[in-house]
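[1] only geometry, no sequence info:
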């Protein structure tokens, strides 16, 4: 009767080892998921920035707060429309920005000589 008990213990140990290994693999996969980590970090930074902006706005005089609200109300729809229009041309915009950056780097290097 001791043999089935030992077999059961070994089976239980194997199952526990499998569960531990699965947990380890899941943890490693999460650590290696750069996209997920970047999204989480961006969400954290966005939340922190929003909280800081709110605290800063609350520390300002009422007329300044009103002006900020007015500008935000008028600028938000414009920013959204601009983003919608620019979205199909994202690669062209990025290529133009990269070219402009390279041109600035080249100009600065030439001036430095």
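    Received, thanks. Note that this is a predicted model, so its numbers are computed, not measured.
[2] Name the residues of the longest helix along the chain that are buried.
    Criterion DSSP state H: the longest helix present in the chain is helix 2-32. Neighbour counts over helix 2-32 (16 or more other CB atoms under 10 Å) mark no residue as buried. Every C-beta, even on glycine, is put in place using the N, C-alpha and C of the backbone.
[3] ok now that helix, how far from the chain's centre?
    On the basis of CA atoms, centre = their mean, to the nearest Å, helix 2-32 sits 34 Å off its chain's mean C-alpha point.
[4] likewise stretch 28-35?
    14 Å.
[5] going forward can the numbers begin at 57, since that is how I track them
    Taking 57 as the first residue, the last one we looked at is stretch 84-91.
[6] Which stretches in this protein count as helices?
    Taking DSSP H, the helices of the chain run over residues 58-88, 90-114, 118-142, 146-168.
[7] Switch those over to a markdown table; also include mean pLDDT.
    Shown next, in a markdown table, are those (pLDDT from 0 to 100):
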| stretch | mean pLDDT |
| --- | --- |
| helix 58-88 | 88 |
| helix 90-114 | 93 |
| helix 118-142 | 94 |
| helix 146-168 | 93 |
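[8] ok, residues contacting stretch 69-87?
    92, 93 (CB atoms under 8 Å, 6 or more residues apart in numbering).
[9] Give me the number of neighbouring residues for residue 135.
    The criterion is other CB atoms under 10 Å. On that basis, residue 135 has 10 neighbouring residues.
[10] list the contacts for it?
    With the criterion set at CB under 8 Å, 6+ apart, residue 135 makes contact with nothing.
[11] The same query, at a cut-off of 10 Å, please.
    Contact criterion CB atoms under 10 Å, 6 or more residues apart in numbering gives residue 128 as the residues in contact with residue 135.
[12] Please tell me how far it sits from residue 141.
    Taking CB to CB, to the nearest Å as the measure, residue 135 and residue 141 are separated by 11 Å.
[13] likewise residue 71?
    Counting by CB to CB, the separation of residue 71 from residue 141 is 57 Å.
[14] got it, and residue 70?
    According to CB to CB, residue 70 stands 60 Å off from residue 141.
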